[in-house]
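Undergrad: Here is my input, please return the structure:
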Amino acid sequence: MDEVGAAALVLALSIPGVIIIIAILAQYLKRKKHYDAMVKAIELGKNADEIKALFAVEERRVKGNGKGLLKGGIIVTGLGVGLALMAIFLPAGATSGLLASFVLIAVLGLSLVAAYLIARKKDKSE
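TA: Numbering: from 1, shown residues only. Next up, the predicted model:
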């Protein structure tokens with residue numbers, strides 16, 4: 001293996017590690033900032049109830065309507081149909097792989113649309 005290939009391999013394999021390290025560091029800094037703010041509140045003489053009120057985080061639960069599933073399903077199904085159309089207009093040697101890709105992607109898209117329809121029916125019944 002030449003030097004360029006080895007460097008490319010090392011770089012390709014080290015990128016996920018660097019991303020993980022950055023994510024861990026960002027989480028650490030976020031927690032440290034929260035801890036430092038809590039220590040500062042304690043130093044200012046706040047009692048436990050005031051500290052809870054200061055650092056209370058409201059969890060907003062937004063009930064999804066499933067429209068994202070529908071949009072994603074339509075887009076993915078469109079990609080699959082586009083692959084099928086490409087397979088029709090390309091030479092005969094390339095069509096088998098494209099048709100297999102079409103089937104995979106079209107089934108994925110249609111399953112997203114089905115998931116939307118199921119979620120919509122479930123919401124109407126509740």
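Undergrad: didn't residue 77 look like it was pressed against residue 110?
TA: Yes: Residue 77 lies in contact with residue 110 (CB atoms under 8 Å); the separation is 5.9 Å. For the C-beta atoms, the positions are set from N, CA and C on the backbone; glycine is no exception.
Undergrad: Looking at these two, which is more packed in?
TA: residue 77 (19 against 15; other CB atoms under 10 Å).
Undergrad: residues touching that one, list them.
TA: Residue 77 makes contact with 105, 106, 109, 110, 112, 113, according to CB atoms under 8 Å, 6 or more residues apart in numbering.
Undergrad: Which helix in this protein has the most residues?
TA: helix 3-43 (DSSP state H).
Undergrad: Check the residue of the chain most remote from its centre and give its pLDDT.
TA: What lies farthest from the middle of the chain is residue 45; by CA atoms, centre = their mean that is 42.1 Å. Per-residue confidence at residue 45 stands at 86 (pLDDT).
Undergrad: and if you look at residue 66?
TA: At residue 66, pLDDT is 68.
Undergrad: any low-confidence regions in this structure?
TA: Counting by pLDDT under 70, the ranges of the chain that qualify are 1, 57-66, 91-96, 122-126.
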